[in-house]
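Participant: what's the 3D shape of this:
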Amino acid sequence: MSTPSQAVEAFLNAIKLKDVDGAMSTVSSTASITAYPLQIRGGNADVIHQLLEDIVTAFPDLLITVKDVIEVGKVVAAEFKIEGTQAADFLDAINQEKHLDLDTAWRFTVDADQIVGIDIYWCQNQLYRRLAVKRQDRVTIV
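Facilitator: Residues are numbered from 1 along each chain as shown. Here you go, the predicted structure:
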């Protein structure tokens, strides 16, 4: 039996390799997903699968830099940076081949070696600035 942080590290290592299916193998099919910047509350595993697919598609040179992983019981907090050059539309921002470096914090809940909950945090304004989105009431480009 692995520790909760080992399950999260397996998830993050799979993302580093752009292996969405490998990352999803650590996530329970009944997981609850909350992505605050996307205003998603109580989503299912399909939400995280789609987000990961969007990330690896939009940023084919994806680099994940893990800053810290902290385990407290069944909860693991991971702080990491998502970096890459945009090669496809991402979260309604059209592709302008901009470089993204986005600081994120993800809170995982792990039970029996499976991730059963993920809460995702990042600054949406930072994302928009990096991708040269001018307006936030209507996605446009600068």
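
Participant: Check the offset of stretch 84-96 from the chain's centre.
Facilitator: Put simply, stretch 84-96 sits 15 Å off its chain's centre (C-alpha atoms, centre = their mean, to the nearest Å).

Participant: Okay, buried residues for that stretch please.
Facilitator: Using 16 or more other C-beta atoms under 10 Å as the test for burial, stretch 84-96 gives 84, 86, 90-91, 93. Backbone N, C-alpha and C define where each C-beta goes, glycine included.

Participant: do stretch 70-81 as well
Facilitator: Residues of stretch 70-81 classed as buried by neighbour count (16+ other C-beta under 10 Å): 71, 76-78, 80.

Participant: For those, give me TSV that also has secondary structure.
Facilitator: As requested, these are arranged in TSV below (DSSP: H, G, I helix; E, B strand; the rest coil):
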residue	secondary structure
71	strand
76	strand
77	strand
78	strand
80	strand
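
Participant: Export the residues you listed to TSV and append columns for pLDDT and distance to residue 131.
Facilitator: Converted to TSV, the buried residues of stretch 70-81 look like this (pLDDT from 0 to 100; distance: C-beta to C-beta, whole Å):
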residue	pLDDT	distance to residue 131
71	97	32
76	98	29
77	98	26
78	98	23
80	97	19
